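[1] got a predicted model here, sequence first, then my questions.
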Amino acid sequence: MWMSYRTHALSLLSVGLLLTAIGCQSGDADPPPATEVEADHVEVVRLEQVDLEDFAIVIDTAGPGTLTFTKTFPGEVRVNEDRFAHVVPRLPGIVRTVYVTLGDHVEAGQLMAVLESRELAELKANYLDALARLELARATYEREARLYREKVSSEQEYLEARQALAEAEIALRSAMQKLMALGFSQRYIESLPDQPDSLLRVYQLRAPIRGTVVAKHIVQGEAVEAFTTVFTVADLSTVWVDLSIYQQDLARIHEGQRVTIVGLDHQEEGIISYVQPLVEEDRRTGLARVVLPNPHGRWKPGLFVTGQIMIGQQTYAVVVPRAAIQTMDDHPVVFVPTPEGFMPRRVQLAAETDSLVALADGLAPGEPFVVQGAFTLKAELEKEEIGEGHAH
């Protein structure tokens, strides 16, 4: 960045001393070549015309600086799809109760709705039946094993009891797996024998993640088909910002680059976390993604934003603030102090950013120039020229 200026407002005496020093030096040597880019005719804002306190004139010496070049790309705030979930019943049913609505915050595991499902009741009943058959098969096997050891029953009866036990165990595991596939925990399934029959058909829909309910397609009393999205939950504590990267800029964009995301009334720094390897055929643009923290919910999905990405840096021998550059007679100028006051001098620009300008010619390193108050000096000079025009 441009070197820090000694930004002090010069008093009339200090400016006078500086200008006197310049006057004393002017007779000893010619100015360096970089200072010889002058306007077509000499124009000077004389010292006696300048109210230094009102003009807030600040002078500094020209020096090197580094320009950071950025480019702006359009983008859109999107839901972080890594923290986004649909609530989908895996069995059909009738909606008994709905506990949440749009905009509600839910915690992972929170009850959102209750359905009555005949199919679920059948699956639970199958599990209970398999459990009862297993208990009977185990008791039969233990009896036959004891009788076989005592030489009371035959080996065939013993083997048949062992086979029946194995089949009952498989049936129970199968019934349990079907319930676990619906999202029920083993602990819950094992508690089914202790539950009343009225709960067999109850199908609870719970929030899969912590977040906000951003979509709701369920009302009390309606019939819901299996695998129908009834709620959508999004964790908006972070969001994606997808930037459209122009085809000619893709080679300069990579993961890890810093980005300034600018919204309507706020901005935030981020880092590119993903660059899409494919180009969108319809628009011929690439995609760069930034993950932004969103603890206060200011970055709302759907908002259009811009992303300013740094694409390069370069150091120059002379860098000045943009406010020091004024335009006169369609040429860029800076104001330099002279023995008489302040004179505009044409300069040649090398590069520029929003806040800084690098000069290729017109101002030498170490040379004094007006860093603050240049616009006021320009206005004063133009006012004087208008007055002279009326005088003619």
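    Structure's in. What do you need?

[2] please parse this structure into its domains.
    12-67+320-391, 71-81+235-312, 90-234 (automatic domain parsing).

[3] may I see the buried residues of stretch 68-76?
    Residues of stretch 68-76 classed as buried: 70, 73, 75 (neighbour count, 16 or more other CB atoms under 10 Å). From N, CA and C alone the C-beta is placed, and that goes for glycine too.

[4] for it, what is the average pLDDT?
    The average pLDDT for stretch 68-76 rounds to 94.

[5] circling back: and the domains of the chain, which one's lowest on average pLDDT?
    Across those, the lowest-scoring stretch is domain 12-67+320-391, with a mean of 76.

[6] just checking, what packs against whichever strand or helix holds residue 69?
    Residue 69 belongs to strand 63-79 when elements are defined using DSSP states H and E. Here strand 63-79 touches strand 238-246, strand 304-321, strand 348-352, strand 356-361, going by 3 or more CB pairs under 8 Å, 6 or more residues apart in numbering; DSSP states H and E.

[7] and these: which comes nearest residue 294?
    Among the helices and strands packed on strand 63-79, the nearest to residue 294 by CB to CB is strand 238-246 (4.9 Å).

[8] give the pairing partners of that closest one; include direction for each.
    Paired neighbours of strand 238-246 in the sheet (DSSP bridges): strand 63-79 (antiparallel), strand 285-293 (antiparallel).

[9] show me the contacts for the most centrally placed residue in the chain.
    The chain has residue 292 as the residue nearest its centroid, 3.1 Å off, counting by CA atoms, centre = their mean. With contact set as CB atoms under 8 Å, 6 or more residues apart in numbering, residue 292 has these partners: 77, 238, 239, 240, 241, 261, 268, 270, 299.

[10] in the stretch 51-200 of the chain, which spans are helices?
    Per DSSP state H, counting those that start in this stretch, the stretch 51-200 of the chain carries helices over the ranges 52-55, 118-149, 155-180, 186-190.

[11] the ones you listed into CSV, with extra columns for distance to residue 202?
    Output for these, formatted as CSV (distance: least, CB to CB, whole Å):
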stretch, distance to residue 202
helix 52-55, 80
helix 118-149, 8
helix 155-180, 13
helix 186-190, 12
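
[12] please name whichever of those helices is nearest to residue 314.
    The closest of the helices of the stretch 51-200 of the chain to residue 314 is helix 52-55. By CB to CB, the value is 33.0 Å.

[13] tell me who's in contact with residue 201.
    If you count contacts by CB under 8 Å, 6+ apart, then residue 201 has 116, 117, 118, 120, 121 around it.

[14] ok so, going back, redo the helices and strands packed on strand 63-79 as TSV? Include distance to residue 163.
    Formatted as TSV, the helices and strands packed on strand 63-79 follow (distance: least, CB to CB, whole Å):
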stretch	distance to residue 163
strand 238-246	56
strand 304-321	68
strand 348-352	87
strand 356-361	87
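
[15] so which of those strands is nearest residue 86?
    For residue 86, the closest of the helices and strands packed on strand 63-79 is strand 238-246, at 17.6 Å, according to CB to CB.

[16] for the closest one, the distance to its chain's centre please.
    For strand 238-246, the separation from the chain centroid amounts to 7 Å (computed by CA atoms, centre = their mean, to the nearest Å).

[17] keeping just the C-alphas, turn it into CSV.
    Only the C-alpha atoms of strand 238-246 are listed here, as CSV (Å, rounded to 0.1, in the frame of the first residue of the first chain):
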residue,chain,number,x,y,z
THR,A,238,-23.0,-20.0,7.6
VAL,A,239,-24.0,-19.3,4.0
TRP,A,240,-22.4,-19.8,0.6
VAL,A,241,-21.7,-16.9,-1.7
ASP,A,242,-21.3,-18.1,-5.3
LEU,A,243,-19.5,-15.7,-7.6
SER,A,244,-19.7,-15.8,-11.4
ILE,A,245,-16.2,-15.7,-12.8
TYR,A,246,-15.8,-14.4,-16.3
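
[18] partner strands of whichever helix or strand comes after it and their direction?
    With elements assigned by DSSP H and E, the helix or strand that comes after strand 238-246 is strand 258-262. Pairing partners of strand 258-262, with direction, according to DSSP bridges: strand 267-275 (antiparallel), strand 304-321 (antiparallel).

[19] most packed of these?
    Sort the strands paired with strand 258-262 by mean neighbour count, taking mean count of other CB atoms under 10 Å, and strand 304-321 sits at the top with a mean of 17.

[20] which secondary structure elements does whichever helix or strand comes after it sit against?
    Next in sequence after strand 304-321, counting helices and strands by DSSP H and E, comes strand 326-328. With contacts defined as 3+ CB pairs under 8 Å, 6+ apart, strand 326-328 has these neighbours: strand 331-337, helix 374-391.

[21] if we can go back for a sec, of the strands paired with strand 238-246, which approaches residue 209 most closely?
    strand 63-79 (12.1 Å).

[22] tell me the angle of the closest one relative to strand 356-361?
    Between strand 63-79 and strand 356-361, the angle comes out at 140 degrees (axes from the mean of the first three to the mean of the last three CA atoms, to 10 degrees).

[23] using PDB, write out every CA atom in strand 63-79.
    Extracted in PDB, the C-alpha atoms of strand 63-79 (Å, rounded to 0.1, in the frame of the first residue of the first chain):
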ATOM      1  CA  GLY A  63       7.400   8.200  -2.400                       C
ATOM      2  CA  PRO A  64       7.000   4.500  -3.400                       C
ATOM      3  CA  GLY A  65       4.000   2.400  -2.700                       C
ATOM      4  CA  THR A  66       2.300  -0.900  -3.600                       C
ATOM      5  CA  LEU A  67      -0.900  -1.000  -5.500                       C
ATOM      6  CA  THR A  68      -3.300  -3.900  -4.900                       C
ATOM      7  CA  PHE A  69      -5.400  -4.700  -8.000                       C
ATOM      8  CA  THR A  70      -8.900  -6.100  -7.500                       C
ATOM      9  CA  LYS A  71     -11.600  -7.200  -9.800                       C
ATOM     10  CA  THR A  72     -15.300  -7.200  -9.000                       C
ATOM     11  CA  PHE A  73     -17.600 -10.200  -9.900                       C
ATOM     12  CA  PRO A  74     -21.300 -10.600  -9.400                       C
ATOM     13  CA  GLY A  75     -22.600 -13.200  -7.000                       C
ATOM     14  CA  GLU A  76     -25.500 -14.500  -5.000                       C
ATOM     15  CA  VAL A  77     -25.900 -15.600  -1.400                       C
ATOM     16  CA  ARG A  78     -27.100 -19.200  -1.100                       C
ATOM     17  CA  VAL A  79     -28.000 -21.700   1.600                       C
END
